[in-house]
Structures are given as structure tokens and as C-alpha cells.
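Enquirer: Below is the sequence, then the predicted model.
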Amino acid sequence: MNHQVTILFTETQIQERISAMAKEMAPHLDREPVLIGVLKGALILTADLMRALSRLGIKPFVDFMVLSSYGKGTTSSGQVQVRMDQTMDLTGRQVLLLDDILDSGNTLAFAVRRLRDKGATQILTCVLLDKPARREVPFAADFVGFTIPDAFVVGYGIDYAEHHRELPHVGVRLETHGKE
Ligand code: 5GP
Ligand code: MG
């Protein structure tokens, strides 16, 4: 089966938005906040945002956690599991939690509770994409790249069955049948 990805946000649009978000968040950030990226989806967002913040004189520490919410296919089950935990001591630290997409809200609600339990004094959240129409638990991110309708997107770290993470843009995957 072939597949095409129809572009929703170009590489340039994403890069401009990330620079703008870094400027929005900079006044709210400590000099050395701990950025925690939720893998694998927030891989590229974390890498781009840490450099955008660096250009503004902020010196983030960087950590990651792997979370998965099990469910059928493309829907979240609401049950979040920690597959790999972050390792940095968060006691007394300001955390900027990064995820690719805010969808049902289950993943970030879980992660915020967990990081607070570990002693972070303040937890700010940032997502590249927000799908407010899909929310199951009340959750608002502090910084949102783009608000989108309910569509299944890929690219810029976001996958479909591990495909498309490498794309510099974000798009919607269309199934096509037949020869390339
Ligand atoms: P939730 O907010 O439902 O707990 O989960 C958000 C997670 O669901 C995201 O981090 C992402 O991994 C996944 N997700 C939500 N919407 C999409 C989408 O359109 N495409 C892909 N590939 N993953 C999505
Ligand atoms: Mg995710």
C-alpha cells in the first residue's frame, strides 16, 4: 500500500511558530528549566525548542519519558503507562513538559500529576498541536503551537505505525492504492 501525506503545516510555518512560542514562554521560565519531552512524539519539538530557548539566553536541562496510552488503533484508552521514566532530580525545579499532541488529555494530565509528585515546584506544558474537540479530561496546555480539528496527523516526530516521524512538516496521511 502506498501513502501520501498532505501538508497541514510546512517546515517554515513550524519553525516560525516555535521561535514565537519560545519568545512567549521565555518571560515565564527560570534560567535553567528542566525540559521533559514525552517520547517518541516530542523528540523533534524538544530538540527545536531547546535551541530556540538557547537563542534567548535560557539554558535548559533536558530529560525524557516514554509514556503510552494503550488502546485500539488510533484511540487512547485513558490508561497511561510509563515505559521509560525520566531520571533527573526534579526537587525544587521548574519543569516544561513537552508533548506532540494534546488529544484526550489523559497523557498530559497523568504526566503532570506524576512530575508534581516527584517534587517539581512548577510544571508548564507545551504541545505542538492541540485537538480541543477530542478532550476527555479537562486539560489546557500553557503553550500551544497550532490548534487543529479532529484529524489523524503525522510528521515532525509524529508517527503512523512508526512511519513518517522524519518529515520536517506535519500532514494528514491519505491511503492510496495501486502503484507508486
Ligand atoms: P492523549 O491526549 O489522548 O492522552 O494522547 C495524546 C497522544 O496521542 C499524543 O502524544 C500522540 O502520541 C497520540 N495522538 C493523538 N492524536 C494523534 C494523531 O493525530 N496522530 C498520531 N500519530 N498520534 C496522535
Ligand atoms: Mg505521544
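Expert: The structure has been received and is ready for your questions. Residues are numbered from 1 along each chain as shown. Ligands and ions are numbered 1, 2, ... in the order given.

Enquirer: Only the buried residues of the longest helix seen in the chain, if you could.
Expert: In the chain, taking DSSP state H as the definition, the longest helix is helix 11-25. For helix 11-25, burial by neighbour count (16 or more other CB atoms under 10 Å) applies to 14, 18-19, 21-22, 25. In short, each C-beta sits where N, CA and C put it, glycine included.

Enquirer: Which of these sits closest to ligand 1?
Expert: Nearest to ligand 1, judged by CB to the nearest ligand atom, of the buried residues of helix 11-25 is I14 at 15.3 Å.

Enquirer: For ligand 1, tell me whether the helix or strand bottoming out on mean pLDDT in the chain is touching it.
Expert: For the chain, counting by mean pLDDT, DSSP states H and E, strand 170-176 ranks last in confidence among helices and strands (a mean of 85). No. For strand 170-176, no contact with ligand 1 is found by CB under 6 Å from any ligand atom; the gap never falls below 8.5 Å.

Enquirer: swap in stretch 84-98?
Expert: No. Stretch 84-98 does not reach ligand 1 (CB under 6 Å from any ligand atom); its nearest approach is 10.2 Å.

Enquirer: try stretch 32-51
Expert: Yes. Contact of stretch 32-51 with ligand 1 (CB under 6 Å from any ligand atom) involves G41.

Enquirer: what about that stretch, distance to the chain center?
Expert: With CA atoms, centre = their mean, to the nearest Å as the basis, stretch 32-51 stands 8 Å off its chain's centre.

Enquirer: again, but for stretch 115-134
Expert: That offset, for stretch 115-134, works out to 9 Å (CA atoms, centre = their mean).

Enquirer: First-to-last residue distance for that stretch?
Expert: In stretch 115-134, first residue to last residue: 24 Å (CA to CA, to the nearest Å).

Enquirer: Check which helices and strands whichever strand or helix holds V66 sits against.
Expert: For V66, the element it lies in under DSSP states H and E is strand 61-70. Where contact means 3 or more CB pairs under 8 Å, 6 or more residues apart in numbering; DSSP states H and E, strand 61-70 is packed against strand 34-39, helix 43-54, strand 79-84, helix 106-117.

Enquirer: quick one: the second one to strand 34-39, angle?
Expert: Interaxial angle, helix 43-54 versus strand 34-39 (axes from the mean of the first three to the mean of the last three CA atoms, to 10 degrees): 160 degrees.
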